[in-house]
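Peer 1: Sequence and computational prediction follow.
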Amino acid sequence: MLQLNLPSSQFRVKQTEKGYFIFDRFRKRWVKLTPEEWVRQHFLVYLVENKGYPEALMAVEQQLNLHGMNKRCDAVLYDIQAKPLLIIELKAPNISINQAVFDQVAVYNAKLKVDYFMISNGLDHYCCRVNTETASYEFFEEIPNYNELIDFVNNESNN
């Protein structure tokens with residue numbers, strides 16, 4: 001698999017007659033190793049191990065029903081009251097992060113109503129706050145650690 005712009009991590013990978021599989025520690029099962037899955041595993045482990053995000057508050061492949069259609073967010077971070085805080089959308093390294101990707105997350109957000117998005121293809125990473133007043137995104141210079149994100153959330157709710 002391609003080297004990503006993320007710290008290296010150790011993963012359990014196996015080969016079967018059906019191809020390569022990686023053990024997903026979040027879903028506690030083996031999943032097909034695709035380029036997007038390679039990014040998902042690296043990015044989520046990066047958030048947990050390098051940025052302090054609680055693994056127990058992450059839902060991977062979160063299913064949503066939007067207008068009678070089943071959709072799936074790559075990951076959603078919840079607060080301790082089980083309220084969604086952050087949508088995480090991940091793409092394969094060969095997929096560029098463009099407006100269509102942000103639009104995809106905005107569709108998920110019609111259901112979840114969060115204020116923060118993270119988007120990565122393993123090479124380029126974005127974290128932004130949704131400004132509903134101006135219908136725009138306010139980008140962070142880098143991915144915040146968990147405590148910084150919670151501080152942002154708490155400061156917004158106090159304003």
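Peer 2: Arrived safely.

Peer 1: which regions of this structure sit below the pLDDT cut-off?
Peer 2: The chain contains residues with pLDDT under 70 at 1, 159.

Peer 1: ok, now with 80
Peer 2: 1, 65-69, 132-133, 135, 156-159 (pLDDT under 80).

Peer 1: Which parts of it are helices?
Peer 2: 35-51, 99-112, 146-158 (DSSP state H).

Peer 1: For the last one, which residues meet the burial criterion?
Peer 2: Which is helix 146-158. Within helix 146-158, the residues that count as buried by 16 or more other Cβ atoms under 10 Å are Tyr146, Leu149, Phe152, Val153. Quick note: C-beta positions are derived from backbone N, CA and C, even for glycine.

Peer 1: what number of residues lie near the nearest residue to Tyr46 once chain neighbours are set aside?
Peer 2: The shortest distance from Tyr46 to any non-neighbouring residue, by Cβ to Cβ, 6 or more residues apart in numbering, is to Leu6 (4.9 Å). If you count neighbours by other Cβ atoms under 10 Å, Leu6 ends up with 18.

Peer 1: Could I get the phi/psi values of Leu6?
Peer 2: Backbone torsions of Leu6, given as degrees, to the nearest 10, read phi -150, psi 160.

Peer 1: Pull the contacting residues for it.
Peer 2: By Cβ atoms under 8 Å, 6 or more residues apart in numbering, the contact set of Leu6 is His42, Phe43, Tyr46, Gly122.

Peer 1: do you know how far the nearest residue to Tyr126 once chain neighbours are set aside is from His67?
Peer 2: Nearest non-adjacent residue to Tyr126, counting by Cβ to Cβ, 6+ apart: Ile119, 4.7 Å away. For Ile119, the distance to His67 equals 23 Å [Cβ to Cβ, to the nearest Å].
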